[in-house]
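# pasting a predicted model and its sequence here:
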Amino acid sequence: MVTFPDFAVLNIETDGTMTLNDVNGNPLDVTTGAPLSGSSDDPPTPPPTTVEELSEVLEGVSAIRDLAAAKGILRAFGVAAVVDKQYGALFELASAFGEALKGELSPTSWFIQPVKMLLAVIKALQTEERGAAMRSWCYTVAYDAMAMGVPPEPNFSGSLQGADQDALDKQWWDDARKQAQDQLADGQGGIALRNRVTLLIAKCSGDPATAVTELWAAACKQSGDDGNAGLLAAYPNLSWPQPTGA
């Protein structure tokens with residue numbers, strides 16, 4: 001269940017079926033947010049249906065209103081709201097929109113550059129605190145896209161390397177969260193990042209738990225932590241909404 005800032009509630013069933021209700025329990029269209037019974041004096045803006053409009057969304061010129069609007073964009077371009085292969089959501093989404101944009105979009109322009117900016121800061125860290133930093137980034141951008149504010153800080157305790165390591169993990173969690181917040185606040189670039197994360201969640205059948213794991217997998221691949229003994233193997237699925245700690 002997802003509660004939006006206007007207190008509308010999106011219910012997501014295990015089979016991917018979704019229903020949307022306003023604060024009074026009245027049913028809404030999950031694509032447009034409009035009441036199912038009766039019409040509004042100010043109908044919501046329809047989702048982008050042209051290549052130019054889609055480009056503006058992906059580049060942060062215009063913002064996606066919410067998850068329902070993101071689902072509408074996927075439907076408008078015939079993109080299935082389902083992940084065909086685990087850890088493949090980013091590539092599938094970027095490839096689908098890349099076809100719509102006639103090859104002008106590559107997966108690199110989605111999340112890889114923001115992740116590389118993070119890795120440039122944390123690349124010299126030991127594996128444990130590097131993992132905490134990457135998970136923090138993933139949770140921060142996903143919470144932001146869901147209009148859920150700042151993710152709660154997990155409990156850092158019980159590291160096999162002792163209390164000092166717990167403190168390092170917490171420090172890098174906090175630092176990476178700040179970096180993600182700075183990226184999201186960076187004008188058009190921040191809007192673009194938020195839009196793309198929202199579209200990723202829509203691609204994952206509206207499930208932020210799946211989306212945050214897909215982000216995490218992409219980060220692990222970029223950092224070289226996706227091997228059999230790497231961070232992705234240690235944390236194959238991240239929890240939601242309570243973040244996975246160290």
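Thanks, I have it.
# tell me where the protein has strands.
Using DSSP state E, the strands of the chain run over 2-3, 9-12, 18-21, 27-28.
# mind giving me the domain split of the protein?
1-44, 50-246 (automatic domain parsing).
# any idea which of these is most buried?
domain 50-246 (a mean of 19; mean count of other Cβ atoms under 10 Å). Where you see a C-beta, it was placed from the backbone N, CA and C, and this is true even at glycine.
# run the chain-centre distance for that domain.
5 Å (Cα atoms, centre = their mean, to the nearest Å).
# quick one, grab the pLDDT at Thr108.
Here, the pLDDT recorded for Thr108 equals 63.
# so what touches stretch 197-209?
2, 10, 12, 16, 18, 57, 64, 66-67, 70-71, 73-74, 79, 81-83, 89-90, 92-93, 111, 141-142, 144-146, 210-211, 214-215, 237-241 (Cβ atoms under 8 Å, 6 or more residues apart in numbering).
# and Val61, how far from Ala81?
Here the criterion is Cβ to Cβ, to the nearest Å. By it, Val61 lies 24 Å from Ala81.
# averaging pLDDT over each of the domains of the chain, report the lowest-scoring one.
Of all the domains of the chain, domain 1-44 has the smallest average pLDDT, which comes to a mean of 65.
# of all the strands of the chain, which lies closest to Gly162?
strand 2-3 (38.5 Å; Cβ to Cβ).
# which strands and helices sit next to the longest helix belonging to the chain?
Across the chain, the longest stretch assigned as helix under DSSP state H is helix 163-184. Packing partners of helix 163-184 (3 or more Cβ pairs under 8 Å, 6 or more residues apart in numbering; DSSP states H and E): helix 112-122, helix 127-145, helix 187-203.
# what angle do that helix and helix 187-203 make?
Angle, helix 163-184 to helix 187-203, by axes from the mean of the first three to the mean of the last three Cα atoms, to 10 degrees: 110 degrees.
# now render the strands of the chain as TSV, adding distance to Ile122.
Formatted as TSV, those follow (distance: least, Cβ to Cβ, whole Å):
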stretch	distance to Ile122
strand 2-3	30
strand 9-12	33
strand 18-21	36
strand 27-28	41
